[in-house]
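*Asks:* Provided below for reference: sequence and predicted model.
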Amino acid sequence: MGTPDQPATAAIELTAVMHALSDDARLAVVRELACGGERPCGSFDLGVSKATASHHFRVLREAGITETRVDGKRRLLSLRREDLDARFPGLLTAVLTAATSNGAATAAPERVPA
C-alpha cells in the first residue's frame, strides 16, 4: 500500500479547499485534527458508512487540507496547516473560528433518513 497522492503546496487551489470545507463531516475532521494532531482514519466517528468516510478523507487529501501517511495497515491523517497557512494565510484559522462560534462541526453530523 503506497502513499496516496496529495498536491504540492503550490498546487493547492482555493476553490478545492473551500469546497472540501463546505461539508459538515469534513469540517468536523479538520477541526478534530486541528485540536489533536495526527489520527488514524478509523478513529473518527462521523456517523457515516466507512465508504462515505473514505470519500470525505479523499476529498480533504486531494484538496491539500490533509496528509495521509501509511503505517502498516493503518492510514494516519494529519492537517497540512503549515502548507495551508503558507498558501492562504489566516484562512484555516478563520474557518475554524467561524465553525466553532457558530456551533458547527462540534459533533458528528446527523444522519439523513433514507
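*Replies:* Here it is on my side, so go on. Residues are numbered from 1 along each chain as shown.
*Asks:* Hmm, residue 41 and residue 32 touching each other?
*Replies:* No: judged on CB atoms under 8 Å, residue 32 makes no contact with residue 41 at a distance of 11.7 Å. Where you see a C-beta, it was placed from the backbone N, CA and C, and this is true even at glycine.
*Asks:* now the strands for this protein?
*Replies:* 39-40, 66-71, 74-79 (DSSP state E).
*Asks:* Could you report the neighbour count for the residue nearest to residue 65 when sequence neighbours are not counted?
*Replies:* Distance criterion CB to CB, 6 or more residues apart in numbering; nearest residue to residue 65, sequence neighbours excluded, is residue 20 at 5.6 Å. Neighbourhood size, residue 20 [other CB atoms under 10 Å]: 22.
*Asks:* cool, and residue 87?
*Replies:* Counted with other CB under 10 Å, residues neighbouring residue 87 total 19.
*Asks:* just to revisit the earlier point, how much space separates the residue nearest to residue 65 from residue 74?
*Replies:* The gap separating residue 20 from residue 74 is 22 Å, by CB to CB, to the nearest Å.
*Asks:* Now do residue 21 against residue 68, distance only.
*Replies:* For residue 21 relative to residue 68 (CB to CB), the value is 17 Å.
*Asks:* Could you export the strands of the chain as TSV, including distance to residue 54 and mean neighbour count?
*Replies:* Converted to TSV, the strands of the chain look like this (distance: least, CB to CB, whole Å; neighbours: other CB atoms under 10 Å):
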stretch	distance to residue 54	mean neighbour count
strand 39-40	13	14
strand 66-71	11	16
strand 74-79	9	18
